[in-house]
Structure formats: C-alpha cells, structure tokens
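*Asks:* give me a 3D structure for the following:
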Amino acid sequence: NESLGIAKSDGSRLWRFPMPSPGLTNVPTPLVVNESRLLISGQGCKGTRCLEINNQNGKWSVSQKGFLPQIEYFYGNWLRWSDDIVIGCTEAYLAAIDVAQGTVLGRYRGYGKGNVSRTRDQLIVVNGEGKLSLLTPNTVQSETSGFDVVGEFNLIQARCWTPLSYVDGRLFLRGDGR
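*Replies:* A predicted model of the protein is given here:
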C-alpha cells in the first residue's frame, strides 16, 4: 500500500509515500488539510499519518510530519471540523484530533464503525448499527472541549457502514439493503 500524487495533465506519478505497515484496508479517502498537508489512515495501518508534500522548482518531496499511532480511522469518511480539527470514526469510537498539534482531543464511545457529516454547527454521526446521533460542540473559552448529544434516533437498525450524505436539509443513508 502506498499514497501517490498524480499529475492531472498526463497521469504521471509526482510523488509516492509507501506505508510502513501495509494494513488491511485504507477505506477513508486521504483528507486534504491544507495546500501542503494530507492525512492518511486505515485499518491495520497502525495509526493516522500527516504527510507534508512540497514542490520546489518542479521537484516533489513527501515526508511524514505527524503520526498518531493510537488513532486508526477506518470507516468511509472523516471530516475537517475546523482548520486544525479532524473528526472520524475508528473501530470502537468517534475520535477528534488536532492536526496542527498532532494530539488527540477526545475519544467518544458509542460511535464505532460509524460515519460523520455536519450541518452548519452540528456533527451528525451514524454508528455501524444505524443509530444517528446529532451532536453539538460544547465550548469553554472558545475551545471545543467535547460534544453534547442533542438527539439520537435508531434509523435503520441494521449494519450501516456506508457514508451518509446531508444535502439541503435531507439525510441520505444506506445499510444492509435499506
């Protein structure tokens, strides 16, 4: 397993980053943090890595700038909550990380094997069994210190690992043929 940068003009490889541990699956799409940072993760990859990608005078380079071995995002999606905060689900919990600091901000049980989306100011989580939770960040002196549960709803009551979509006030969700 490896991450690659590909030229859109001709499909040539610009850079590559071999995974130190090949892992089982790299389900989450790599997440662009900013113009030079990319997050990669997956089941069996032994953590989440922040890659720094640079182009100086036409020469590309990639290096690992951050590593959180205890956070293995696995399921379909993760999202940037803010410039520095990324949220997604692992096998067992919802995890929030600060990419700039390379730290874990919190782990929240009950949301394992889930997927995330957001409204303007609320986090939508659907765990692996089809339960939807609507969460609002609670803040202390303008810093997010966790989430308050606004509501929980059993929507599908079946295995639900497919990423959800929230469009124009409507939530689209699929699980085990439903």
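*Asks:* stretch 118-126 - what's its average pLDDT?
*Replies:* Mean pLDDT, stretch 118-126: 88.
*Asks:* quick one: end-to-end length of that stretch, please.
*Replies:* End-to-end distance for stretch 118-126, by C-alpha to C-alpha, to the nearest Å: 11 Å.
*Asks:* got any ranges where the protein has weak pLDDT?
*Replies:* 21-27, 75-76, 139-145 (pLDDT under 70).
*Asks:* can you give me the helices for it?
*Replies:* Counting by DSSP state H, one finds no helices in the chain.
*Asks:* from K59, how far off is the most centrally placed residue in it?
*Replies:* The centre of the chain sits closest to W78, judged by C-alpha atoms, centre = their mean, with a distance of 2.4 Å. For W78, the distance to K59 equals 30 Å [C-beta to C-beta, to the nearest Å]. Heads up, the C-betas are built off the backbone N, CA and C, glycines and all.
*Asks:* what residue of this protein is the furthest out?
*Replies:* Relative to the chain centroid, the chain (C-alpha atoms, centre = their mean) has N57 farthest, 31.7 Å.
*Asks:* wait, what's in contact with that residue?
*Replies:* The contact partners of N57, by C-beta atoms under 8 Å, 6 or more residues apart in numbering, come to none.
*Asks:* output the contacting helices and strands for the biggest strand by length in the chain.
*Replies:* In the chain, ranked by residue count with DSSP state E as the criterion, the top strand is strand 143-154. Judged by 3 or more C-beta pairs under 8 Å, 6 or more residues apart in numbering; DSSP states H and E, strand 143-154 is in contact with strand 103-109, strand 131-140.
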